[in-house]
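# Let me see the structure of the following:
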Amino acid sequence: MSSAQDNDFAYLFRSIGKEYPKPVTAPVKGTLPKWVNGCLIRNGPGKFEVGEESYKHWFDGLALLHRFNFKDGTVTYQNKFLRSDAYNKAMKYKRVVLSEFGTLGIPDPCKTIFERFASHFIPLNITDNDLINIFTIGDDLYVCTETCYFRKLTDPENLVCDQKKINQFKTLGVLTASAHPHVDRDGVTYNMASSYIGGSCYNIVRYEPVKSEDPSKHAKIIGSIRAKNLTKPSYYHSFGMSENYFVFLEQPLYINVKKLASAQVRRAAICTCLEFDNEGKAYFHVMKKTTGELLPIKFEADGFFGMHVINCFEEDDHVVFDMCCYHDDSLIKKFYLDYLRYGDSEGKRFFAPSTSQRFVLPLNVDKKTTPRGQNLVTLKNSTAKAVMKRNGAIHMTPEKLSDAITDMPTINYKQFNGRPYTYFYGVAAYKPGDFTNALVKVNVRQKSFEMWHEKGCYPSEPVFIEKPDSIEEDDGVVISTVIKPSSKSAFLLILDAKSFREIGRAEVPDDVECPVGFHALYVPR
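Below you'll find the model as predicted:
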């Protein structure tokens with residue numbers, strides 16, 4: 001059954017009636033290896049209605065944290081709403097107060113007339129609804145979205161976050177950030193964040209792995225990239241990090257800063273400030289990790305839209321950049337709740353298919369001596385192309401990694417992030433146009449994939465858990481939260497990563513609501 005024909009599909013995008021902060025047993029059918037000893041913390045939206053009002057977009061819902069705990073082959077589940085300012089004010093006033101991606105908030109009743117006026121022009125009304133991801137700085141866990149705010153998860157066992165949010169605008173001058181920070185092998189966390197005052201810049205921020213109430217006070221910007229159009233910087237959701245470089249994709253989905261600055265005055269949601277240029281190019285910026293220095297080589301490709309970098313690594317004087325790509329940004333527009341719940345005028349739904357693409361950036365080139373017009377990619381078994389044009393820029397043509405329609409990619413991050421790898425896991429569409437209703441394991445060397453699919457089931461981002469003392473890259477399990485709307489039920493799927501076959505599932509009790517989520521983090525004990 002495709003999502004276009006699923007009469008119960010709207011169940012995925014409902015508000016839950018209440019939270020379940022106390023752990024409940026999720027009985028395991030089959031097997032959960034006893035070496036899986038830790039917890040999976042997932043983030044995502046859980047409430048779309050506040051009083052008589054409703055959020056408009058899937059990315060707007062109030063953050064709900066989930067926790068699956070694993071011990072001796074048993075599983076418990078619990079969830080709890082993030083007590084953000086966005087949540088607390090919405091609950092207090094029974095209104096949408098802080099504006100979200102697709103929903104305009106009302107002026108904060110607690111602010112003075114001057115503060116309300118000033119919030120039209122300076123960032124006083126930015127949401128702290130950290131619903132997208134969980135990441136680490138040192139030994140501490142944090143929840144984040146794409147704004148300047150993130151918040152420490154002070155009590156992971158009870159899903160309790162610090163009441164005080166971390167404000168990177170005050171400490172670093174940045175207003176937006178990637179929702180996918182990277183942790184290097186020395187324990188340092190890096191993220192991409194943008195500043196807009198004085199002209200738009202994309203900045204790499206380094207967070208030291210130290211205990212702190214506010215890690216942004218110990219952070220520093222190690223390098224910056226000026227936007228090609230200072231009043232229309234690129235939107236981004238993630239970035240690449242190899243052993244020695246950061247790679248940033250400046251794609252042709254732009255944030256119109258002039259519109260953004262006047263959005264409150266115009267009573268317009270943030271999403272109305274995004275503009276996709278169908279004629280625009282995609283630019284790849286390569287920055288040295290040690291110095292923050294940008295390589296002088298200009299890399300470009302035909303325009304596309306992407307949210308999730310799969311992996312990025314170096315091989316034989318090339319940087320390889322793998323990403324899930326779309327033709328344009330139409331997918332985001334399909335995530336309005338009205339479309340997700342009711343479809344188009346005929347009740348049908350169609351979601352743009354994605355492809356996994358590999359861009360290969362040759363480093364051993366010189367603008368003066370490198371010949372024009374010939375393929376500079378010399379990697380074995382690669383069909384990607386990179387050709388220097390007359391102006392010295394290198395135009396890249398990617399190679400397709402598999403025929404799977406996949407996104408939300410994850411890898412064996414601890415061992416293979418920033419290194420040559422073989423496998424990634426992702427959610428997938430069983431048929432073109434479907435909402436993600438399957439899971440895949442992609443072999444990027446053989447360009448093949450294996451799939452898990454069960455009729456009427458919708459999985460969340462898969463997470464790979466490495467087996468202790470493993471030798472092979474795929475020695476472990478893959479877990480994913482799966483929602484089955486027809487029975488209003490949910491379960492945690494457990495797949496053997498090597499065979500990609502189900503070995504077990506932990507079933508969430510029917511009286512406990514477990515909605516679909518975005519990203520997750522496995523925390524071993």
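# Check residue 116 and give its pLDDT.
Note for residue 116: predicted pLDDT of 40.
# for residue 7, same thing?
Reported pLDDT for residue 7: 77.
# Could you check how far it is from residue 343?
11 Å (C-beta to C-beta, to the nearest Å). All C-beta spots, glycine's among them, are computed from the backbone N, C-alpha and C.
# likewise residue 405?
Taken as C-beta to C-beta, the span from residue 405 to residue 343 is 19 Å.
# which of these two has more neighbours?
Neighbour count, other C-beta atoms under 10 Å: between residue 405 and residue 343, residue 405 has more, with 24 against 17.
# pretty sure the more buried one is touching residue 428, no?
Yes: Residue 405 is within contact range of residue 428, at 5.7 Å (criterion: C-beta atoms under 8 Å).
# Skipping adjacent residues, who's closest to residue 401 in space?
residue 356 (4.1 Å; C-beta to C-beta, 6 or more residues apart in numbering).
# for residue 426, same thing?
Per C-beta to C-beta, 6+ apart, closest to residue 426 is residue 406, 3.9 Å.
# Report the contact partners of the one you found.
324, 354, 356, 426-429, 440, 442, 449 (C-beta atoms under 8 Å, 6 or more residues apart in numbering).
# Can you measure across stretch 51-69, start residue to end residue?
Taking C-alpha to C-alpha, to the nearest Å, the first and last residues of stretch 51-69 lie 33 Å apart.
# Show me how far that stretch is from its chain's centre.
16 Å (C-alpha atoms, centre = their mean, to the nearest Å).
# Report the mean confidence score over that stretch.
97.
# Report the buried residues of that stretch.
For stretch 51-69, a neighbour-count test (16 or more other C-beta atoms under 10 Å) marks 53, 55-69 as buried.
# farthest residue from the center of the chain?
Within the chain, residue 369 marks the point farthest from the mean C-alpha position, 39.8 Å out by C-alpha atoms, centre = their mean.
# pLDDT score for it?
The model's pLDDT for residue 369 equals 90.
# Same check on residue 3?
At residue 3, pLDDT is 60.
# hmm, back to that, partners of the residue nearest to residue 426 in the sheet?
residue 428 (DSSP bridges).
# if I look at it, how far off is residue 501?
18 Å.
# Quick one: neighbours of the nearest residue in space to residue 439 that is not next to it in sequence, just the number.
Among residues not flanking residue 439 along the chain, residue 452 sits closest, at 4.4 Å (C-beta to C-beta, 6+ apart). By other C-beta under 10 Å, 21 other residues sit near residue 452.
# Tell me the pLDDT of the nearest residue to residue 276 once chain neighbours are set aside.
Leaving aside its sequence neighbours, residue 276 sits nearest to residue 329 (C-beta to C-beta, 6+ apart; 4.5 Å). Note on residue 329: pLDDT of 96.
# Phi, psi for residue 329 please.
Main-chain dihedrals, residue 329, degrees, to the nearest 10: phi -100, psi 20.
# Correct me if wrong: it contacts residue 255.
No: between residue 329 and residue 255 there is no contact under C-beta under 8 Å: 11.8 Å.
# Overlap of the contact sets of those two?
residue 274.
# could you give the mean pLDDT of stretch 304-314?
Mean predicted lDDT for stretch 304-314 stands at 98.
# on that earlier part again, Throw the contacts of residue 406 into TSV and include pLDDT, thanks.
Output for those, formatted as TSV (pLDDT from 0 to 100):
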residue	pLDDT
324	98
354	97
356	98
426	98
427	98
428	98
429	97
440	98
442	98
449	98
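# Among those, which ones are in strands?
The strands, defined by DSSP state E, take in 324, 356, 426-428, 440, 442, 449 from the contacts of residue 406.
# First-to-last residue distance for stretch 317-334?
Stretch 317-334 end-to-end distance (C-alpha to C-alpha) = 40 Å.
# meant to ask about stretch 80-99
22 Å.
# Next: stretch 386-399.
Terminal residues of stretch 386-399 are spaced 11 Å apart (C-alpha to C-alpha).
# Tell me which residues are up against it.
By C-beta under 8 Å, 6+ apart, the list of residues contacting stretch 386-399 reads 284, 297-302, 325, 357-362, 365, 367, 370-377, 382-385.
# buried set for it?
386-388, 393-394, 396-399.
# Pull the most distant pair out of the residues you listed.
The largest separation in the buried residues of stretch 386-399, counting by C-beta to C-beta, is between 393 and 399 at 19.9 Å.
# Next, count neighbours for residue 438.
21.
# ok, back up a step: give the bridge partners for the residue nearest to residue 401, please.
Under the criterion used (DSSP bridges), residue 356 bridges to residue 324.
# so who does it touch?
310, 322-325, 400-402, 404, 406, 409, 424, 426, 442, 444.
# roughly how far is stretch 143-158 from the heart of the chain?
Taking mean C-alpha positions (C-alpha atoms, centre = their mean), stretch 143-158 and its chain are 15 Å apart.
# Buried residues in that stretch, which are they?
The neighbour-count check on stretch 143-158 (16+ other C-beta under 10 Å) flags 143-153, 156 as buried.
# Enumerate the positions of the helix or strand in which residue 46 is found that are buried.
If you go by DSSP states H and E, residue 46 is part of strand 38-47. Applying a neighbour-count criterion of 16+ other C-beta under 10 Å, the buried positions in strand 38-47 are 39-47.
# And for stretch 314-327?
Here stretch 314-327 shows 314, 318-326 as buried, counting by 16+ other C-beta under 10 Å.
# Spatially nearest residue to residue 102, not counting backbone neighbours?
Residue 102 sits nearest to residue 57 (C-beta to C-beta, 6+ apart), 2.8 Å away.
# What segments of the stretch 101-250 of the chain are helices?
113-118, 168-172 (DSSP state H, counting those that start in this stretch).
# which strand residues sit across from residue 24 in the sheet?
residue 77.
# chain center to the top helix by length along the chain, what's the gap?
The longest helix of the chain (DSSP state H) is helix 85-93. Relative to its chain's centre, helix 85-93 lies at 25 Å (C-alpha atoms, centre = their mean).
# Just want the angle from that helix to strand 38-47.
Put simply, helix 85-93 runs at 50 degrees to strand 38-47, going by axes from the mean of the first three to the mean of the last three C-alpha atoms, to 10 degrees.
# who's in contact with helix 85-93?
In contact with helix 85-93 (C-beta under 8 Å, 6+ apart) are residues 50-51, 62-63, 81, 96-98, 100, 106, 108-110, 127-129, 165.
# what comes up buried for that helix?
Buried residues in helix 85-93 (16+ other C-beta under 10 Å): 85-87, 89-91, 93.
# Export these to a markdown table and append columns for pLDDT.
Shown next, in a markdown table, are those (pLDDT from 0 to 100):
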| residue | pLDDT |
| --- | --- |
| 85 | 97 |
| 86 | 97 |
| 87 | 97 |
| 89 | 96 |
| 90 | 96 |
| 91 | 96 |
| 93 | 95 |
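# ok, so of those, who is nearest residue 34?
Of the buried residues of helix 85-93, the one sitting nearest to residue 34 (C-beta to C-beta) turns out to be residue 87, at 36.9 Å.
# roughly how far apart are the closest one and residue 77?
Following C-beta to C-beta, the distance that separates residue 87 from residue 77 is 21 Å.
# Over to residue 53?
Relative to residue 77, and taking C-beta to C-beta, residue 53 is found at 29 Å.
# again with residue 174
35 Å.
# Cheers, nothing more for now.
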